[in-house]
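*Asks:* Structure of the sequence below:
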Amino acid sequence: MTDEAFRDLYRELRESAPRGPEDRRGTLRRLTPERVVAASAEVRTGRTVSLAAPVETDPGPDNPHPASHRMLTPADGDAGPDGLHFALDRFAMNVHGNADSHLDALCHVIYDGGLYNDVPASSVTPEGAGALTLDTVRDGIVGRGVLLDVPRLRGVPWLEPGEHVTAGDLAAAEEAQGVRTGPGDLLLVRVGHGRRRAELGAWQAAEARAGLHPTAVRYLAERRIAVLGSDGNNDTAPSAVPSVAFPVHVLAIHAMGMHLMDYLRFEELTEACEAAGRWSFLCLVAPLRLQAATGCPVNPIAVL
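*Replies:* Numbers count the residues shown, from 1 in each chain. Take a look at the predicted model:
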C-alpha cells in the first residue's frame with residue numbers, strides 16, 4: 001500500500017464519524033445503554049470463557065522482557081505454625097509487548113505530532129498521560145462480542161506470519177459462520193497466532209505476524225464496530241505500508257478513536273462457539289483503574 005493511499009484512507013476514516021472537539025471516548029460512543037441491554041440477550045447457557053493468554057515470566061523470542069513476579073512474604077521460616085501470616089507478592093510488566101493480552105488506550109498512538117481528535121502529544125509526559133487515558137474506560141466495556149475465525153474460513157489451523165486479513169475475509173467469515181456484525185459490537189478476529197505459538201513455539205513476532213490489512217479497517221467503520229481485538233497484534237508484520245510500522249493501530253486508534261485489544265487467546269472460545277452453534281456472545285472487559293496509563297493487561301470474559 002503506498003504512503004499516499006494510506007494517507008487517503010486515514011483521512012477517510014477520520015471523517016467517517018462525526019465527533020465534537022471534546023470527544024474522548026471515540027467509538028465507545030456506539031456502545032449505548034440500549035445496546036448493552038440487548039447484548040445481555042446473548043447469554044443462553046451461562047458458560048464463561050477467558051479470552052486472555054496466561055501471563056508469562058520466562059523470556060522468549062517474542063517476549064524478551066517478560067512480566068516479573070516475586071514473592072515479598074513469606075520468607076523462609078516466616079510462616080510459622082501459629083498466628084496470622086500473609087502471602088504478599090509484586091507484579092510488573094511491559095504492557096505493550098508481543099505476548100501478553102492487553103488493552104490499548106486512545107493515548108497509546110502518537111501520529112503526526114498528536115493523539116486522537118487533535119489532542120496534543122504533549123499531554124503524554126514521563127509522569128503519565130493527561131488525556132485519552134485508561135481512565136476513560138474505568139466503568140468497563142460491555143457489549144455484544146462477535147468472533148470471526150479467518151483460519152477456519154480458509155481451512156487452515158492458523159494464518160502464517162505476514163499474511164493479511166482483508167475486508168473480504170471478514171465478510172466471508174460472517175457468511176460462513178452465520179453471523180453479522182453491527183453497531184456497537186466488540187469484534188474479535190482470530191488469526192491463529194496463539195495456536196501456532198503453542199504448537200510450533202514462539203518466534204520474533206515483532207518481525208513477522210499475521211494481522212489485518214489496513215484497508216480492512218474500512219469494514220470496521222462501515223459496520224460501526226466499537227472495539228477491535230485479535231489473538232495477534234491486529235497489525236501485520238512486515239507492515240503493508242512502508243513508512244508506517246503499525247497502520248491498523250494508527251487508523252483504528254488515532255483516526256477513529258477505537259480501543260484495541262492485542263494478543264488475546266481464542267482457542268477455548270472457538271470450541272465453545274462451535275459447540276453452541278453461534279459466534280456471538282456477551283463480552284465483558286474490566287480494565288484496571290490506572291488513571292494516567294496508555295494501556296493495561298486485560299482478561300476479557302465471553303459469556304455464552
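*Asks:* Check the spacing between Leu134 and Gln291 real quick.
*Replies:* 7 Å (Cβ to Cβ, to the nearest Å). Placement of C-beta: from N, CA and C, glycine included.
*Asks:* out of the two, which sits in the more crowded spot?
*Replies:* Taking other Cβ atoms under 10 Å, Leu134 and Gln291 do not tie; Leu134 has more neighbours (26 against 13).
*Asks:* List the contacts of Ala245.
*Replies:* 235, 239 (Cβ atoms under 8 Å, 6 or more residues apart in numbering).
*Asks:* Output the lowest mean pLDDT helix or strand found in the protein.
*Replies:* Least confident helix or strand, the chain: strand 68-73 with a mean of 89, by mean pLDDT, DSSP states H and E.
*Asks:* Now find how far off-centre that strand is within its chain.
*Replies:* Computed by Cα atoms, centre = their mean, to the nearest Å, the chain-centroid distance of strand 68-73 equals 28 Å.
*Asks:* immediately after it, which helix or strand?
*Replies:* strand 88-92 (DSSP states H and E).
*Asks:* Going along the chain, name the helices of the chain.
*Replies:* All helices of the chain, identified by DSSP state H, fall at 3-14, 33-39, 150-154, 167-177, 193-200, 217-223, 247-249, 267-276.
*Asks:* Please name whichever of the ones you listed is nearest to Gly257.
*Replies:* helix 3-14 (9.3 Å; Cβ to Cβ).
*Asks:* So what touches the least confident helix or strand of the chain?
*Replies:* So strand 68-73 is in contact with 55, 57, 85-93, going by Cβ under 8 Å, 6+ apart.
*Asks:* okay, the angle between it and strand 88-92?
*Replies:* Interaxial angle, strand 68-73 versus strand 88-92 (axes from the mean of the first three to the mean of the last three Cα atoms, to 10 degrees): 160 degrees.
*Asks:* For strand 68-73, which strands pair with it and how are they oriented?
*Replies:* strand 88-92 (antiparallel) (DSSP bridges).
*Asks:* May I have the strand it pairs with as PDB, with CA atoms only?
*Replies:* Extracted in PDB, the C-alpha atoms of strand 88-92 (Å, rounded to 0.1, in the frame of the first residue of the first chain):
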ATOM      1  CA  LEU A  88       2.400 -11.000  49.500                       C
ATOM      2  CA  ASP A  89       3.800 -10.500  46.000                       C
ATOM      3  CA  ARG A  90       4.800  -7.900  43.500                       C
ATOM      4  CA  PHE A  91       4.000  -7.900  39.800                       C
ATOM      5  CA  ALA A  92       5.400  -5.700  36.900                       C
END
